[in-house]
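>>> What follows is a predicted protein model with its sequence.
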Amino acid sequence: MVIILDSTLREGELHPGVYYTSDTRVKIARALADIGTQRIEFPIIYTSRGGKIEDVKTAVNEIQECYTNVTAILHMRALTADVELARVYDAKGCAIYMAPTALHRKGKFHGIEQQKVIENFVNVLELIKDYGFSYRRATVEDASRFDLSSIKDGEDTLEFLGKLLRSIEDAGATIVSIPDTSGILSQNRCVPFINIVKNLTNLPLACHFHNDYGNALGNALQALSIPRVQEINVSILGLGARNGITDHYEFVANAEDLYHINTSERRDKLRWLYDTFVQVTGISIPRIHPLASQCFMEKAGTHQSQVVKNPRGYIPIRKFELDAGGEVYFEAGQYMSKQVIAKLFEGYNVNAELIVKVTNTIAARSSLQRREVSPWEVKEIIEANSGISMSIERINKIIKGSDYAYMMLSLVPQFPANELIQEVGRWREVIRIDEVYGNVDIILLSRIKDFEGVNVVEKISSMFKETLVKIVALPVE
């Protein structure tokens with residue numbers, strides 16, 4: 001079994017443009033703990049730079065008090081002053097880092113000697129041991145450079161690395177991290193390098209791979225096979241410095257589904273974790289991510305034909321069951337399959353010729369306009385060719401349309417619109433609110449469903465049923 005350390009709240013905030021509030025940290029930390037993540041990493045706050053210790057301490061306390069099987073870990077420089085700051089957080093774990101390679105010693109640490117690096121690690125590790133931290137990690141930053149003869153300095157010898165690791169072990173570290181800080185460790189060197197380090201220390205190993213060349217996931221999965229690799233560092237969406245690190249979902253889903261390795265995490269809750277993260281941060285899932293919406297949508301006609309009959313033909317069964325929630329959508333485009341249209345017409349008494357005609361009309365419009373055909377256009381084409389007024393709700397269950405809609409609200413006269421505006425303004429799914437005049441009082445731009453899967457029109461109608469005269473939703477095409 002491997003232990004997952006999630007660093008979304010520490011490494012993830014090093015990703016350009018990512019900033020967390022105190023409330024955000026609590027919600028993300030709780031979500032991670034709820035799916036079974038055993039180690040969650042946090043930064044320490046430097047008040048001289050305007051931060052508040054409570055911004056992180058609140059989340060640390062929440063985790064330590066409410067989840068007995070989760071270790072909150074504070075990440076800091078290998079400095080006595082940082083350890084003193086860390087004491088006030090009441091965390092169980094402490095992780096210190098320092099780069100011993102010549103490149104960093106000369107550039108970042110003003111040319112300090114190798115022995116000084118060793119002494120620094122030893123002194124700080126002894127201090128965090130005295131302060132009672134049960135998890136004590138020494139991170140040998142830029143460790144992978146010791147394996148790369150073409151770029152490393154002549155001073156970066158395995159003899160020095162071994163001496164450093166033995167000193168770290170003797171000083172009381174419980175685990176040592178050997179990060180590929182610059183993402184320069186190729187996949188054919190990953191296992192040999194970790195084995196070299198494994199022979200230089202008796203400590204369990206933690207692996208932290210950066211994704212500068214896209215190798216983070218592959219290297220992390222290779223590390224699973226090596227005895228004494230105890231911990232793999234990940235983050236939600238792989239967020240981290242530059243290109244980030246190993247993605248949490250990708251690593252756990254691969255380990256559980258394809259390698260059949262127990263991670264002690266709720267595999268069935270990973271989609272929920274990512275949806276929660278999007279909800280509380282507003283950071284979208286990239287289109288190429290395995291949990292992006294188009295991963296559960298088929299465009300090619302032959303694929304559509306198979307998926308209508310049995311989704312397992314193209315969609316991995318675990319992803320279909322656990323990530324897609326059993327729902328697959330189809331793009332109405334130039335490659336449209338008549339099998340999808342036949343599915344739309346299930347229960348209606350229509351002939352094969354009509355199904356082919358509707359299919360070809362959709363495909364022709366898509367080819368002419370060089371885009372997908374929206375569910376509303378599909379509704380129009382069906383009605384024009386068959387006379388059947390099919391409900392948009394039925395079509396939306398099969399044909400993937402926009403996730404957003406303009407919602408036009410008409411209210412009871414004299415009802416204070418501000419009351420409704422203040423309420424829906426707190427909803428993460430609502431993008432914009434405009435108060436207007438005439439037959440419509442308020443126009444919202446919102447996701448069609450909230451982050452719990454509830455239809456927003458129904459949500460508004462239920463909450464304001466006494467004051468709402470009418471609500472009309474027009475999907476954004």
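Looks like it came in fine.

>>> Which pLDDT value belongs to residue 422?
At residue 422, the model reports a pLDDT of 88.

>>> Same question for residue 150.
69.

>>> what about residue 344, neighbour count?
Neighbour count for residue 344, taken as other Cβ atoms under 10 Å: 23. Bear in mind the C-beta positions are built from the backbone N, C-alpha and C, glycine included.

>>> Kindly report the same for residue 470.
12.

>>> repeat for residue 98
23.

>>> same question, residue 104
Residue 104: 18 neighbours (other Cβ under 10 Å).

>>> Domain parsing of the chain, as residue ranges.
Split into domains by automatic domain parsing, the chain comes to 3-281, 293-396, 404-475.

>>> Work out the gap between the second one and the centre of the chain.
What it means is domain 293-396. Put simply, domain 293-396 sits 29 Å off its chain's centre (Cα atoms, centre = their mean, to the nearest Å).

>>> can you give me the helices for the stretch 201-350 of the chain?
With DSSP state H, counting those that start in this stretch, the ranges of helices along the stretch 201-350 of the chain come out as 216-223, 248-253, 270-281, 301-309, 317-318, 338-344.

>>> Determine which stretch of those is the most buried.
Ranked by mean neighbour count under mean count of other Cβ atoms under 10 Å, the helices of the stretch 201-350 of the chain are led by helix 248-253, which reaches a mean of 24.

>>> Not counting its neighbours along the chain, what's nearest residue 46?
In space, not counting the residues next to it along the chain, residue 46 is nearest to residue 85; the distance is 7.7 Å by Cβ to Cβ, 6 or more residues apart in numbering.

>>> Hmm, residue 47 is touching residue 53, no?
Yes - applying Cβ atoms under 8 Å, one finds residue 47 in contact with residue 53, separated by 6.6 Å.

>>> Same drill for these two, tell me which one is more crowded.
Using other Cβ under 10 Å as the criterion, residue 47 and residue 53 rank with residue 53 on top: 15 against 9.

>>> Residue 86 is in contact with the more buried one, correct?
No - with contact defined as Cβ under 8 Å, residue 53 does not count as touching residue 86 (10.3 Å).

>>> picking up where we left off before, so which of the helices of the stretch 201-350 of the chain comes closest to residue 428?
helix 270-281 (5.0 Å; Cβ to Cβ).

>>> Output the closest one as PDB, restricted to C-alpha atoms.
Once non-C-alpha atoms are left out, helix 270-281 reads as follows in PDB (Å, rounded to 0.1, in the frame of the first residue of the first chain):
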ATOM      1  CA  LEU A 270     -12.600  11.400  -6.600                       C
ATOM      2  CA  ARG A 271     -15.100  13.000  -9.000                       C
ATOM      3  CA  TRP A 272     -16.800  14.600  -6.000                       C
ATOM      4  CA  LEU A 273     -13.500  15.900  -4.700                       C
ATOM      5  CA  TYR A 274     -12.700  17.600  -8.000                       C
ATOM      6  CA  ASP A 275     -16.200  19.100  -8.300                       C
ATOM      7  CA  THR A 276     -15.900  20.400  -4.700                       C
ATOM      8  CA  PHE A 277     -12.500  22.000  -5.600                       C
ATOM      9  CA  VAL A 278     -14.000  23.700  -8.700                       C
ATOM     10  CA  GLN A 279     -16.900  24.900  -6.600                       C
ATOM     11  CA  VAL A 280     -14.900  26.500  -3.800                       C
ATOM     12  CA  THR A 281     -12.000  27.900  -6.000                       C
END
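
>>> Now for residue 453, how many residues are close by?
Look at residue 453: counted by other Cβ under 10 Å, it has 8 neighbours.

>>> Same check on residue 29?
26.

>>> Distance to residue 31 and mean pLDDT for the helices of the stretch 201-350 of the chain - can I get that in CSV?
Formatted as CSV, those follow (distance: least, Cβ to Cβ, whole Å; pLDDT from 0 to 100):
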stretch, distance to residue 31, mean pLDDT
helix 216-223, 21, 97
helix 248-253, 11, 97
helix 270-281, 5, 92
helix 301-309, 31, 88
helix 317-318, 21, 89
helix 338-344, 35, 92
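
>>> okay, those helices in JSON lines with distance to residue 463 next?
Shown next, in JSON lines, are the helices of the stretch 201-350 of the chain (distance: least, Cβ to Cβ, whole Å):
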{"stretch": "helix 216-223", "distance to residue 463": "43"}
{"stretch": "helix 248-253", "distance to residue 463": "33"}
{"stretch": "helix 270-281", "distance to residue 463": "18"}
{"stretch": "helix 301-309", "distance to residue 463": "37"}
{"stretch": "helix 317-318", "distance to residue 463": "37"}
{"stretch": "helix 338-344", "distance to residue 463": "32"}
